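> Sharing a model prediction with you, sequence too.
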Amino acid sequence: MNTRTFRLIVILGILILSSAACDTSTPAPTPQPTLIVADPNALTIATSSEMAPLLGALADQFNSQQAGQAGLVPVKIVTISPSDMVTAALNPDPPFQAINPDSGIWLSKLTNEWANKFKSETQGSEALPLPRQRFSLPERFAVSPIVIAMWQKVAASMGWPNQAIGWNSLQERASQDASFHWNHPSTSYASGLLATLAEFYAGAGVNRSLTEAEATDPATLDYVKKVEATLRFYGEGESAILDRLKTDGSSLLDAFVAQEQIVLRWNKENPTQTLVAVYPVEGTLWADHPLTLLERYSDFDQTPLTSPQRDTYYAFARAILEQNAQNQVLADGFRPVNTSIDLQGSASPFKNNPNVDALQPKTTLQIPPYSVIQVIEDFQAYIKKPTNVVLVVDTSGSMKDSSKLPKVKDALTAFVGQINGKNDRLGLISFSTDVNYSSGILPVTVDYKASLVSSIQAMSAGGNTAVLDAVLEAYNQLQKVGDSNSINAIVVMTDGLENASSHTNLNGLAQTLSKGKVPVVVFSIAFGSDADETIMKSLANATNGQFRKADSFNIGDLYKIISTYF
């Protein structure tokens, strides 16, 4: 029996003993990456949203300098989440020739899954595993430590800068003060994955060479679970948090996990609201932003990597390591890999800046073998903060459009597949003139998820639009469950105007949502051009939630993004 199989058996035993069912046997449907059109006359590099502004500027400079040079093509930058980079790179003919994820962990994941892909093809034959890699020539040009970003007043109240602060400090503060809110992104983003890994290190009481045995020790798991239980919610990467902070300010969060660069970026753009970078006393890891070329193989990819694309990659990788480019890396808040550049120099954003510390972090944790990273993935259902989510879906007559209801059904099915926590509960409400169907809010067992998917696929459209009554029903169900230790959320979608509610109105519902005994956050989706954006924005604002616009092209991506908050 191999180590991972044994580990999965241990997890199953933990879940059974905790008397809570969890779907660990049926993988969630794989969402497709954002549509990117391949360009054979360019070197297209996929990068994270945090790196996109800097890499885009470096690409523009490179293109300007190399314009007209024989044998090279323009560098084109596209933004995509690192997890979607890996998904696309595992398929034939990815629409980009190079990737720049926010952490080398994604390259480890790509290596592991690429090897498994070809192992399954050769299993049972005499063929040897193919001696090739999906990527080559990785180059790191900018790094940033993972920190706890705090508002200056909040940090000072916790003893900063004289008192050491870390994961345990966050857990204690959040446990003692119900008004204290913090978060880290989901493990689909490097800052969330690296923060969770740092919690495992802290729980194991080590700062070097974390092992599978240490990570799966019950004391370690209990520690991580205790810290995770104090999060307000999970979520997207740091750029999404910054967008929310611009509108909600300090009322959204007291602290959040981010790259150090995000603190510098925020303070530069928002000088009246100061964030400070807290370097966890237990240790932290680094976002190292590797740039790497994706290799192509004729028996797998129909479209080859051209010589101009390969040569352009070589030239661009050299260019971003040159002195001028590295100075620009520093000016943008990242730390350059050129160690001859003084972080305290006159042009450095670190110079005389009390909100960041170029001498930190004092303790740098190691990226462990990928088998240890898999421990975190395997135990997510056990350690994550539980959620109670109600999906509220418009099935009024306007949803009969063939580009609407089928796409929504697919998106909802994928969403259900991704909710896997051992204590998670899920509900489904469909509405038109009235509430047509309500599943209740139940644990996400395999059988229940299958039942929800069947109900989703059976939905049909007709009638008017009572979105307010449907949201009120979802809210009342969450209050009846009364679980204040979980993330309680309503995800509501409508494509039309409210015209049928009889049990509440907008003002009354907004007041109700904002003062329940169990806090509820609303994620509202206005689907299509006819949706009532005013109502949907009001419902989200009443709960410090989120409002999103969607169309038939991105509804699936949108539900996937929202699922990262749970």
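Cool, the structure landed.
> how does the chain divide into domains?
Domains of the chain are assigned by automatic domain parsing as 43-139+291-336, 143-287+352-381, 386-563.
> May I have the distance across the second one, first residue to last?
Across its full length, domain 143-287+352-381 reaches 30 Å between end residues, using CA to CA, to the nearest Å.
> try the first one
Separation of the first and last residues of domain 43-139+291-336 by CA to CA is 23 Å.
> Need the domains of the chain in CSV (columns: mean neighbour count and mean pLDDT).
For the C-beta atoms, the positions are set from N, CA and C on the backbone; glycine is no exception. Output for those, formatted as CSV (neighbours: other CB atoms under 10 Å; pLDDT from 0 to 100):
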stretch, mean neighbour count, mean pLDDT
domain 43-139+291-336, 18, 91
domain 143-287+352-381, 19, 95
domain 386-563, 19, 96
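> need the helices for the stretch 351-500 of the chain, in chain order.
With DSSP state H, counting those that start in this stretch as the criterion, the stretch 351-500 of the chain has helices at 370-383, 405-418, 446-457, 467-481.
> now for the third one, which elements pack on it?
Same thing as helix 446-457. With contacts taken as 3 or more CB pairs under 8 Å, 6 or more residues apart in numbering; DSSP states H and E, helix 446-457 sits against helix 405-418, strand 425-431, strand 435-443.
> Which of these sits closest to Leu558?
helix 405-418 (7.4 Å; CB to CB).
> hang on, the earlier thing: the domains of the chain into JSON lines, with extra columns for distance to Val37?
Shown next, in JSON lines, are those (distance: least, CB to CB, whole Å):
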{"stretch": "domain 43-139+291-336", "distance to Val37": "6"}
{"stretch": "domain 143-287+352-381", "distance to Val37": "23"}
{"stretch": "domain 386-563", "distance to Val37": "13"}
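> Quick one, which of these gets closest to Gly345.
Using CB to CB as the measure, domain 43-139+291-336 is the one of the domains of the chain that comes nearest Gly345, at 8.2 Å.
> and that closest one, how far from the chain's centre?
21 Å (CA atoms, centre = their mean, to the nearest Å).
> do stretch 208-228 as well
Distance, centroid of stretch 208-228 to centroid of chain: 22 Å (CA atoms, centre = their mean).
> For the remainder of this discussion, apply numbering that starts at 8.
I'll keep to 8 as the first residue from here, and by that count the last item is stretch 215-235.
> one step back: could I get the helices and strands packed on helix 453-464 as a markdown table with distance to Asn277?
Listed next are those as a markdown table, based on distance: least, CB to CB, whole Å:
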| stretch | distance to Asn277 |
| --- | --- |
| helix 412-425 | 33 |
| strand 432-438 | 37 |
| strand 442-450 | 39 |
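> Give the other helices and strands that the host helix or strand of Val85 contacts.
Using DSSP states H and E, Val85 sits in strand 82-86. Contacts defined by 3+ CB pairs under 8 Å, 6+ apart place strand 82-86 against strand 50-54, helix 59-73.
> State the next helix or strand along the chain beyond it.
Later in the chain than strand 82-86, the nearest helix or strand by DSSP H and E is helix 89-96.
> so that next one versus strand 82-86, what angle?
Between helix 89-96 and strand 82-86, the angle comes out at 120 degrees (axes from the mean of the first three to the mean of the last three CA atoms, to 10 degrees).
> contacting residues around helix 89-96?
37-41, 53, 55, 87, 101-103, 106, 108-110, 113, 116-117, 120-121, 141-142, 195-197, 301 (CB atoms under 8 Å, 6 or more residues apart in numbering).
> now the helices and strands packed on strand 82-86 as JSON lines including distance to Met543?
Shown next, in JSON lines, are these (distance: least, CB to CB, whole Å):
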{"stretch": "strand 50-54", "distance to Met543": "31"}
{"stretch": "helix 59-73", "distance to Met543": "28"}
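> closest to Pro297 out of these?
strand 50-54 (10.8 Å).
> Can you list the strands that the closest one pairs with?
Applying DSSP bridges, strand 50-54 is found paired with strand 82-86 (parallel), strand 105-107 (parallel).
> Using a markdown table, lay out these together with distance to Asn190.
Converted to a markdown table, the strands paired with strand 50-54 look like this (distance: least, CB to CB, whole Å):
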| stretch | distance to Asn190 |
| --- | --- |
| strand 82-86 | 22 |
| strand 105-107 | 25 |
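> Any idea which of those strands gets closest to Tyr572?
Closest of the strands paired with strand 50-54 to Tyr572 is strand 82-86, at 19.9 Å (criterion: CB to CB).
> Rebuild the helices of the stretch 358-507 of the chain as JSON lines, extending it with distance to Gln309.
Formatted as JSON lines, these follow (distance: least, CB to CB, whole Å):
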{"stretch": "helix 377-390", "distance to Gln309": "29"}
{"stretch": "helix 412-425", "distance to Gln309": "27"}
{"stretch": "helix 453-464", "distance to Gln309": "34"}
{"stretch": "helix 474-488", "distance to Gln309": "46"}
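> out of those helices, nearest to Val498?
Val498 lies closest to helix 412-425 among the helices of the stretch 358-507 of the chain, at 7.7 Å (CB to CB).
> Give the other helices and strands that the closest one contacts.
Helix 412-425 sits against strand 394-401, helix 453-464, helix 562-570, with contacts defined as 3+ CB pairs under 8 Å, 6+ apart.
> And Leu459, how far from Leu419?
8 Å (CB to CB, to the nearest Å).
> overlap in contacts of these two?
Residues touching both Leu459 and Leu419 (CB under 8 Å, 6+ apart) are Leu435.
> Would you map the helices across the stretch 158-307 of the chain?
Assigned by DSSP H, counting those that start in this stretch, the helices in the stretch 158-307 of the chain fall at 159-164, 174-183, 197-211, 219-222, 225-235, 245-255, 267-276.
> Ala468: which of those is closest?
Across the helices of the stretch 158-307 of the chain, closest to Ala468 is helix 245-255 (CB to CB), at 31.7 Å.
> CA-only coordinates of that closest one in PDB, if you can.
Output in PDB follows, covering the C-alpha atoms of helix 245-255 (Å, rounded to 0.1, in the frame of the first residue of the first chain):
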ATOM      1  CA  GLU A 245      -5.000  39.400  -3.500                       C
ATOM      2  CA  SER A 246      -6.000  41.600  -6.400                       C
ATOM      3  CA  ALA A 247      -9.700  40.800  -5.800                       C
ATOM      4  CA  ILE A 248      -9.300  41.800  -2.100                       C
ATOM      5  CA  LEU A 249      -7.700  45.100  -3.100                       C
ATOM      6  CA  ASP A 250     -10.700  45.800  -5.400                       C
ATOM      7  CA  ARG A 251     -13.000  45.200  -2.400                       C
ATOM      8  CA  LEU A 252     -11.000  47.300  -0.100                       C
ATOM      9  CA  LYS A 253     -11.200  50.300  -2.400                       C
ATOM     10  CA  THR A 254     -15.000  50.300  -1.900                       C
ATOM     11  CA  ASP A 255     -15.400  48.900   1.600                       C
END
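> All set, thanks.
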